[in-house]
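**Student:** Mind looking at a prediction? Sequence and model below.
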Amino acid sequence: MIKSRCGIVCDTKLCKETYGFDCAGCANISKPPWGDSCPVKDCCEGRGHDHCGLCNDFPCDMLNEFAYDKEHGDDGKRIEQCRMWAGQ
């Protein structure tokens, strides 16, 4: 089940530890737990996709910046997850 737009694998335990509550994933909530919006979520939903891997611009600069951010990135794991979801 796809819970995120960017390919990050949402884990209830991780969200609980990080944000202090269970998160259903950005695909299932109106705004992310860390603020009013997420540019990746907004872009993906604005283009009508379930996740970024379905976009013609995948992987775009914005997704790459998120995936390889030194503090919050995951070294591209979310990009690979989107590829798997898209069957690429």
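**Tutor:** Ah, there it is. Numbers count the residues shown, from 1 in each chain.
**Student:** Show me where the protein has its helices.
**Tutor:** 12-19, 39-46, 61-67, 77-86 (DSSP state H).
**Student:** Can you give me the buried ones in the third one?
**Tutor:** Read it as helix 61-67. Using 16 or more other Cβ atoms under 10 Å as the burial criterion, the residues of helix 61-67 that qualify are Leu63, Phe66, Ala67. The way it works is simple: take the backbone N, C-alpha and C, and place the C-beta from them, glycine included.
**Student:** what's the answer for stretch 42-50, then?
**Tutor:** Residues Cys43, Cys44, His49 are the ones in stretch 42-50 that count as buried (16+ other Cβ under 10 Å).
**Student:** Distance to Trp85 and pLDDT added to these, as CSV?
**Tutor:** Listed next are the buried residues of stretch 42-50 as CSV, based on distance: Cβ to Cβ, whole Å; pLDDT from 0 to 100:
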residue, distance to Trp85, pLDDT
Cys43, 16, 97
Cys44, 12, 97
His49, 10, 97
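**Student:** mind listing what the closest residue to Leu54 other than its chain neighbours touches?
**Tutor:** Nearest residue to Leu54, sequence neighbours excluded (Cβ to Cβ, 6 or more residues apart in numbering): Ala86, at 5.7 Å. For Ala86, the contact set (Cβ atoms under 8 Å, 6 or more residues apart in numbering) comprises His51, Gly53, Leu54, Phe58.
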